[in-house]
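Engineer: Show me how the following folds:
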Amino acid sequence: MRERRAVGRPQEDKNVRSLEDKIPYIREQRRKKANRRLIYVLILIGLLVGVVFYLQSSYSRVARFDVDGNVNVKSEDILQASGIKVKETHAFNVSEEDVLERIEKVPGIQEATMQKQFLHRYRVTVTEEKEIAYAKDKPGDRIVLADGTIIPGKSKEELFDAPILTGFTDQSLNRLTKELVKIEPKVRSRISEIVANDKTDKGGLKLFMTDGNTVLLSTSAFSNSLNEYVKVISSLPKGKTGTITIDGGIYFKPYKGKK
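Structural biologist: Predicted coordinates for the structure are as follows:
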């Protein structure tokens, strides 16, 4: 009687040994995969901790805010208008468009630009309104800017060719300024001095012109009448200077003798 041979045992043993050989490799791969996951989790936690630390630290806030180009408007007023608080405002909350819009609303500021620098430092450069008049009277010297802003202080311009204003109270100066900004620059440059010519504060004005004439008029008729000044003097006798009164009509009285 023949012995029966086991069919397929060698192949089965081979597969078992092959699987046993792979188990350490599989275990090693699983361990490495678990380690990688742990590293990713630790990195993520580290990043979150870093972000929280950054947001809570001074490094995330505006470190410096410099203002250039201002002469008459105070840097403190510009900084306050910007809405930025150095060492307090988060840098990611700073919107250049919003900051510039707020600064350009400051009386006396015509235009502003902003440059962001390293480590949350900002530099704003402003262009101020032009000085159009200079009030020399109590309670002190004041500058009138092209947007009608009245700023205490002396003119910083070396060549100040705008009219000098004298004898005005705060109320009368405000009223005159509203009219002064309406005058064309080429006409305004002809005015040397404007004097409040009415002690009752009703708006009487005396203007000394650079061409030698004197003009008498009221504040209410100031801008409309003075913009026609070039036409008025062109109709005067040639070479004659005198006093021009504008009060419902135009009256000219030449000076006596030479002036």
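Engineer: Next, give phi and psi for the nearest residue to N70 once chain neighbours are set aside.
Structural biologist: If the residues on either side of it in the chain are set aside, N70 comes closest to V126, at 5.3 Å by Cβ to Cβ, 6 or more residues apart in numbering. To be clear about C-beta, it is placed using only N, CA and C from the backbone, and glycine gets the same treatment. Torsion angles at V126 (phi, psi; degrees, to the nearest 10) stand at phi -110, psi 150.
Engineer: How many neighbouring residues does V126 have?
Structural biologist: Neighbour count of V126, defined by other Cβ atoms under 10 Å: 23.
Engineer: so how far is D198 from it?
Structural biologist: According to Cβ to Cβ, to the nearest Å, V126 stands 37 Å off from D198.
Engineer: can you check F252 too?
Structural biologist: Counting by Cβ to Cβ - F252 and D198 are separated by 21 Å.
Engineer: repeat for D170
Structural biologist: Distance from D170 to D198, by Cβ to Cβ: 16 Å.
Engineer: likewise S234?
Structural biologist: 29 Å.
Engineer: how about the residue nearest to the spatial centre of the chain, what does it touch?
Structural biologist: For the chain, I103 is the residue whose C-alpha lies nearest the centre (Cα atoms, centre = their mean; 3.1 Å). I103 makes contacts with 78, 81-82, 109, 112, 124, 126, as judged by Cβ atoms under 8 Å, 6 or more residues apart in numbering.
Engineer: at 6 Å instead, please
Structural biologist: 78, 81-82, 112 (Cβ atoms under 6 Å, 6 or more residues apart in numbering).
Engineer: quick one: the nearest residue to L119 once chain neighbours are set aside and F118, what's the gap?
Structural biologist: The shortest distance from L119 to any non-neighbouring residue, by Cβ to Cβ, 6+ apart, is to A63 (5.5 Å). Distance from A63 to F118, counting by Cβ to Cβ: 9 Å.
Engineer: now the helices for the stretch 51-200 of the chain?
Structural biologist: Secondary structure of the stretch 51-200 of the chain (DSSP state H, counting those that start in this stretch): helices at 75-82, 96-103, 170-180, 185-188.
Engineer: List the buried residues for the shortest one?
Structural biologist: Neighbour-count burial for helix 185-188 flags R188 (criterion: 16 or more other Cβ atoms under 10 Å).
Engineer: Can you pull out the low-pLDDT segments for this protein?
Structural biologist: 1-23, 25, 50, 54-57, 138-139, 156-160, 199-202, 257-259 (pLDDT under 70).
Engineer: which residues in it form strands?
Structural biologist: Under the criterion DSSP state E, strands of the chain are mapped to 64-68, 109-117, 121-128, 131-135, 142-145, 150-152, 164-166, 191-196, 204-209, 214-218, 242-246, 250-254.
Engineer: check contacts around the closest residue to V73 other than its chain neighbours.
Structural biologist: Residue nearest to V73 in three dimensions, not counting chain neighbours: G108, with 4.5 Å by Cβ to Cβ, 6+ apart. By Cβ under 6 Å, 6+ apart, the contact list for G108 reads 72-73, 128-129, 145, 149.
Engineer: mind running it again at 10 Å?
Structural biologist: Listed by Cβ atoms under 10 Å, 6 or more residues apart in numbering, the contact set of G108 reads 70-74, 77-78, 126, 128-129, 131, 143, 145-151.
Engineer: ok so, going back, apart from its neighbours in sequence, what residue is nearest the residue nearest to the centre of the chain?
Structural biologist: Nearest non-adjacent residue to I103, counting by Cβ to Cβ, 6+ apart: A112, 4.4 Å away.
Engineer: Thanks a lot, catch you later.
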